[in-house]
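**Student:** please find the sequence and the predicted model below.
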Number of protein chains: 2
Amino acid sequence: MKAEIIAVGSELLTPDRIDTNSLFLTAQLNRLGIEVVRKTIVGDEPNSLQREFRAALELADVIIASGGLGPTEDDITREALAAVLQRPLVQDDEILKDIEAKFQRFGRVMPQINAKQALVPVGATVLPNPRGTAPGLWVEDGKRIVILMPGPPSELEPMFIQQVTPRIEARATGARLFERALRVTGMGESAVDQAIAPIYKGYRDVQTTLLHVPGEIQVYLRLWSVDQAAAENRLEEIVERMRLALGESLFTTKGEEMEQVVARELTWHGATIAVAESCTGGMLGERLTHQPGSSAFFLGGVISYGNELKSGWLDVPKELIDTKGAVSAEAAQAMAASVRRRSGATLGLSITGIAGPTGGTEEKPVGTVHIALADSQGVQEKMFRFPGDRGRIRGQATVAALDMVRRYYLHQSTRNAQ
Amino acid sequence: MKAEIIAVGSELLTPDRIDTNSLFLTAQLNRLGIEVVRKTIVGDEPNSLQREFRAALELADVIIASGGLGPTEDDITREALAAVLQRPLVQDDEILKDIEAKFQRFGRVMPQINAKQALVPVGATVLPNPRGTAPGLWVEDGKRIVILMPGPPSELEPMFIQQVTPRIEARATGARLFERALRVTGMGESAVDQAIAPIYKGYRDVQTTLLHVPGEIQVYLRLWSVDQAAAENRLEEIVERMRLALGESLFTTKGEEMEQVVARELTWHGATIAVAESCTGGMLGERLTHQPGSSAFFLGGVISYGNELKSGWLDVPKELIDTKGAVSAEAAQAMAASVRRRSGATLGLSITGIAGPTGGTEEKPVGTVHIALADSQGVQEKMFRFPGDRGRIRGQATVAALDMVRRYYLHQSTRNAQ
C-alpha cells in the first residue's frame, strides 16, 4: 500500500514553520507496511486543497490530511474532501453534544462557529479527539482510504495510534519495510556510486539512495517484503558485497554516527583520548562528547586557537611556528604529542588548518588542514585539502580526525591478526 | 507571482529526513514579493516527478526544484523536466570542462558518470555552482520559470542569492515583504507572548510569529507592502515598543546569532576571551569560532571533561572537587579565573554541569549547570536548571554562557553611563 500525506495550513508555507507531523506519520505508516510516496503542503484555499485531494486519490491507497479541521473560516479540509467525493456534509449530533460538553467543562458556552466541527461527509467514520474539539474522520472511497486529522501533534499523535493504527492493521496486506544505512568517508559521491552501482543494479527490488553530507556519503538500502527472513538475508547479501567494494572507507552498516564507531573502538581497547584543536575551535571535542557515556574515554582537550596557546599550552616551539607555520605537519604532530603527554591519555588527536574565508596563501590555500594522531610509539600525520566554505571545512576536518582514530584501530587489528 | 517548491529525493520521504531547503527558499522568495502556494516532496521516480512538474506548471509562475542533479542513476530531475517540456538534453562543453577542472584541482580524474551533470535542456541558462559539481538550471517556458538547484544547502543557498535573486528581481513587480527578526533569551515562550501580545494585536497588517528554539524565543514580524518607507517605519515602531516590553532579554532586532552579538561587544571593547568547558565538551568554543574573524577576540580554551584536567590544567583544587563537587559554583568560578589567568585573556568564561542522561542526584539533578565569568576584578557565577535531553541541555548552557558575556557589557555600559 502507498500513502500520501497532505499538510494543510497557510502558516506551513511561511519561512519559519515546518510540517513535522509527516515525520511521525511516516514512521507509523512504514511500521504498518505502508510506503509514503509523496508529501504536500498546501494553504487554506479551497481550490488548491480540492486539487490536492483529486491528485492524491489517483496516486495513493491511503491519504492522510492534517490540519484545517478547526472552527474558523480558514478551516476548509472537511468541506474540500466532501466536494471532491461529492458527498453532502451532515451534522453529527453526537459530535455536537461532545463539543458542547467540552466547552461546558470549562464553564463556557459553545460559540456558534464550533458547530461546523460537527459536520461529517455522509458515510464517514468519526475518530474521537479526547485532546481537542476537532474530531478526525475516516472516509472510504472504493478501495482508497482518506483520513482527516487535527494539526496539533498532541491531538494527531494519540488519535493515530488509538484510532487509525488498528483500522489500518485490519487491512494491511503485510509487506513491511526493511532497511540498512551504510556510511562511507574518504570517498566522493561518484566514486562511491561507481563502486556500488554494479551491485545495486543487480537487485531491482531494493531501493538504493545515496546522500552526500559534509565529510561522508550515506547509502540507504530499502526493501519492502512480507517475508522478514528473506528480506534480511537479501539485504545482508548486498551489504556484504558493498563492504568488499567499499573497503575500509565504509565505517558502518548500521547507520551509526562516526563518533559512535570511534567511542566503541576506544571503549573496546580500554583507551582514552585527548584533543588539541585549532581551526575547529572545539567541534571535535563537541562531537566526541555528543553521545552519553563519553567520560569513559574522553579526558578533555585544548583549544589552541591563538598561536601563543599553541606554544604555551601545547609545547609547540615558537621557532617551529615561525619557520613551518601554525598550519603544518610539524605543528599538528607537536600538538597531538603534547596533549597526549599532558593529559595522560592513550591517544592524542590534533587538528590545525585554515578554515577561511581569509588566511589562505598560494602554498596553503583555504581548506588546508593537518591532522595528527599520537600514541606511545609515535605520531602519524595527514594533510587534507577540503573544499567548501568555513562551516564545511570545519565539519570535514572533524570527521577526518575521528576517522583517523577509526582507521588506527582497524590497522591495529589487521597487524595483530598477521 | 506565485511559487511552488518541489524537493526531490526518496530519502526525504523517510521518517528521519526533512526538507529544510524550502524554508530558506520561502524566506528568499517572500522577500522578492513572491508567495509560496505549495510545497511538495517526491521520491527519485521519473513518473512521479514528471507528474509533479506538470501540476506545478499549471499552478505557479515560478517553480523551484531542489535535489536530483547529482551524477548517479538516482538523479533524474534534469531528465524529468526535459521530458515534460519536450526539450532534448544536450551536452554543455563549458560545464563539462568546469567539472573536469574541479576534479583536477583535488588531484583526481573525473569519473565518467559525472559527464551526465553537463547535460542541459535546450534553451536553458546554466547557473554556475562554485561549491559543487552540479550546476543549476534556469528554464523559461512561456511566462513560467523553472529553476533546478542542487540539494545540499551549502550549494543551493549561495546559488540562489547570487544567480537566482538578481534574475527574479529583474521581473518581480508590486508588493514586497519586509521583516524583522527579534531574538530573546532568558524568558519562556508564554512570558514573551504575554509581554508583546498587547503590542502586536494593535497591528493587524503585520503578521507576528513566535518560534521556540533551544535557549531562545524568536519573534518574526512580517509586512507585505508596495511602499518601502512606510513599511520600514511601521516595523520600526513595533520593534521599539517590543524592545521596551522585553527589556534586556531581547538580544537582537536584526536576526543576529548570539555569537555575533558577543563578537561585536568583545571587538568593540578590544577584549579577548578564553573558555573552560566541562559538560559542553567544546560546544562553546565551537560557537565562538563559528563566524569568520573570531581570532581577533578568541584565544582558545580548555575542555576539562575529566576531573583530573580540572585540577591539573585549571587549578581547581582537588579538595574543592571532593567537598563541593566538579559541578558547583566554586568549581565554575575557579575554572573561569584559571583559564583567564593562564591564557592572558581579558575574560574567562566557564561551564560545568550535568548534561545527562545519567549522573544526576537529588541535590544536583540532570540539567544543573554552573556558568562563571571572570574579569580582572573578580568572578560572577550563575546556576541554571535546564529542561530537556542531553543535546538541549548542552545547547542551552552554551547560549546562557554567551548571554552572560552580552549582559556583562550591557551592564558595564549602563554603569559607565551613570
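**Tutor:** Great, that's in hand.

**Student:** any part of the worst-scoring helix or strand of chain A on mean pLDDT near chain B?
**Tutor:** Across the helices and strands of chain A, mean pLDDT, DSSP states H and E gives its lowest value to strand A:207-213, namely a mean of 84. Yes - judged by Cβ under 8 Å from any Cβ of the partner chain, strand A:207-213 comes into contact with chain B through A:207-212. From N, CA and C alone the C-beta is placed, and that goes for glycine too.

**Student:** for stretch A:289-298, same thing?
**Tutor:** Yes - judged by Cβ under 8 Å from any Cβ, stretch A:289-298 comes into contact with chain B at A:289-290, A:292-295, A:298.

**Student:** what about that stretch, distance to the chain center?
**Tutor:** The chain centre lies 21 Å from the centre of stretch A:289-298; the measure is Cα atoms, centre = their mean, to the nearest Å.

**Student:** what are the C-alpha coordinates of stretch A:342-359, in CSV please?
**Tutor:** Extracted C-alpha coordinates of stretch A:342-359, given in CSV (Å, rounded to 0.1, in the frame of the first residue of the first chain):
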residue,chain,number,x,y,z
ARG,A,342,50.0,16.5,29.3
SER,A,343,46.6,14.7,29.7
GLY,A,344,48.0,11.2,30.3
ALA,A,345,45.6,9.9,27.6
THR,A,346,46.3,6.8,25.5
LEU,A,347,45.9,8.8,22.3
GLY,A,348,46.4,12.5,21.4
LEU,A,349,44.5,13.8,18.3
SER,A,350,45.1,17.2,16.8
ILE,A,351,43.7,19.5,14.0
THR,A,352,45.3,22.6,12.7
GLY,A,353,44.2,24.2,9.5
ILE,A,354,42.8,27.2,7.6
ALA,A,355,39.0,27.3,7.7
GLY,A,356,38.8,30.6,5.9
PRO,A,357,37.4,32.6,4.4
THR,A,358,40.6,34.6,4.8
GLY,A,359,44.1,33.4,5.8
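
**Student:** that one and chain B, are they touching?
**Tutor:** Yes - shown here: stretch A:342-359 in contact with chain B (Cβ under 8 Å from any Cβ) through A:342-344, A:356-358.

**Student:** among those, which lie within strands?
**Tutor:** Members of the residues of stretch A:342-359 next to chain B lying in strands (criterion: DSSP state E): none.

**Student:** the helices in chain A, which residues?
**Tutor:** A:21-31, A:46-59, A:77-85, A:93-105, A:153-159, A:165-169, A:189-200, A:228-246, A:258-268, A:283-288, A:307-312, A:318-324, A:329-343, A:390-417 (DSSP state H).

**Student:** give the buried residues for the fifth one.
**Tutor:** Which is helix A:153-159. Within helix A:153-159, the residues that count as buried by 16 or more other Cβ atoms under 10 Å in any protein chain shown are A:155-157, A:159.

**Student:** quick check: pLDDT value at residue A:130.
**Tutor:** Each residue has a pLDDT score; the one for residue A:130 is 83.

**Student:** so it is in contact with residue A:154, correct?
**Tutor:** No - judged on Cβ atoms under 8 Å, residue A:130 makes no contact with residue A:154 at a distance of 10.7 Å.

**Student:** and residue A:25, what does it touch?
**Tutor:** Counting by Cβ atoms under 8 Å, 6 or more residues apart in numbering or on different chains, residue A:25 touches A:5, A:36, A:64, A:66, A:156, A:160.

**Student:** can you select the buried ones among these for me in PyMOL?
**Tutor:** The buried subset of the contacts of residue A:25, as determined by 16+ other Cβ under 10 Å, is captured in PyMOL by this line:
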select buried, chain A and resi 5+36+64+66+156+160
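
**Student:** switch the contacts of residue A:25 over to a markdown table; also include pLDDT and distance to chain B.
**Tutor:** Converted to a markdown table, those look like this (pLDDT from 0 to 100; distance: Cβ to the nearest Cβ, whole Å):
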| residue | pLDDT | distance to chain B |
| --- | --- | --- |
| A:5 | 97 | 9 |
| A:36 | 94 | 5 |
| A:64 | 98 | 13 |
| A:66 | 96 | 14 |
| A:156 | 95 | 15 |
| A:160 | 96 | 13 |
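
**Student:** just the ones of the contacts of residue A:25 in strands?
**Tutor:** Per DSSP E, the contacts of residue A:25 map to strands at A:5, A:36, A:64, A:66.

**Student:** in this model residue A:120 seems to touch residue A:96, though I could be wrong.
**Tutor:** No - assessed by Cβ under 8 Å, residue A:96 is found out of contact with residue A:120, at 10.4 Å.

**Student:** same drill for these two, tell me which one is more crowded.
**Tutor:** Between residue A:96 and residue A:120, counted using other Cβ atoms under 10 Å in any protein chain shown, residue A:120 has the larger neighbour count: 22 against 16.

**Student:** ramachandran coordinates for the closest residue to the more buried one other than its chain neighbours?
**Tutor:** Leaving aside its chain neighbours, residue A:120 sits nearest to residue A:92 (4.6 Å; criterion: Cβ to Cβ, 6 or more residues apart in numbering or on different chains). When quoted as degrees, to the nearest 10, the phi and psi of residue A:92 stand at phi -100, psi 110.

**Student:** can I get the CA coordinates of stretch A:305-317 in CSV?
**Tutor:** In CSV, the C-alpha atoms belonging to stretch A:305-317 read as follows (Å, rounded to 0.1, in the frame of the first residue of the first chain):
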residue,chain,number,x,y,z
TYR,A,305,43.1,29.0,18.6
GLY,A,306,45.8,31.7,19.1
ASN,A,307,49.5,30.8,18.4
GLU,A,308,50.5,31.8,22.0
LEU,A,309,48.5,29.0,23.4
LYS,A,310,50.0,26.5,20.9
SER,A,311,53.4,27.3,22.4
GLY,A,312,52.3,28.0,26.0
TRP,A,313,49.8,25.2,26.5
LEU,A,314,51.0,22.6,23.9
ASP,A,315,54.7,22.9,23.7
VAL,A,316,54.8,23.8,20.0
PRO,A,317,58.2,25.5,19.8
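
**Student:** ok, the spatially closest residue to residue A:138 that is not a sequence neighbour - how many residues close by?
**Tutor:** Spatially, and ignoring its direct neighbours in sequence, residue A:138 is nearest to residue A:125 (4.2 Å; Cβ to Cβ, 6+ apart). Neighbours of residue A:125 under the rule other Cβ under 10 Å: 13.

**Student:** mind listing what residue A:125 touches?
**Tutor:** Counted by Cβ under 8 Å, 6+ apart, residue A:125 has contacts A:137-139.

**Student:** show me where chain A dips below the pLDDT cut-off.
**Tutor:** Residue ranges of chain A with pLDDT under 70: A:172-173, A:414-418.

**Student:** what residue of it is the furthest out?
**Tutor:** Within chain A, residue A:319 marks the point farthest from the mean C-alpha position, 45.9 Å out by Cα atoms, centre = their mean.

**Student:** quick one: that one and residue A:353, what's the gap?
**Tutor:** As for residue A:319, its distance to residue A:353 is 21 Å (criterion: Cβ to Cβ, to the nearest Å).

**Student:** do residue A:367 as well
**Tutor:** 8 Å.

**Student:** now the common contact residues for these two.
**Tutor:** Residues touching both residue A:367 and residue A:353 (Cβ under 8 Å, 6+ apart) are A:384, A:386, A:393.
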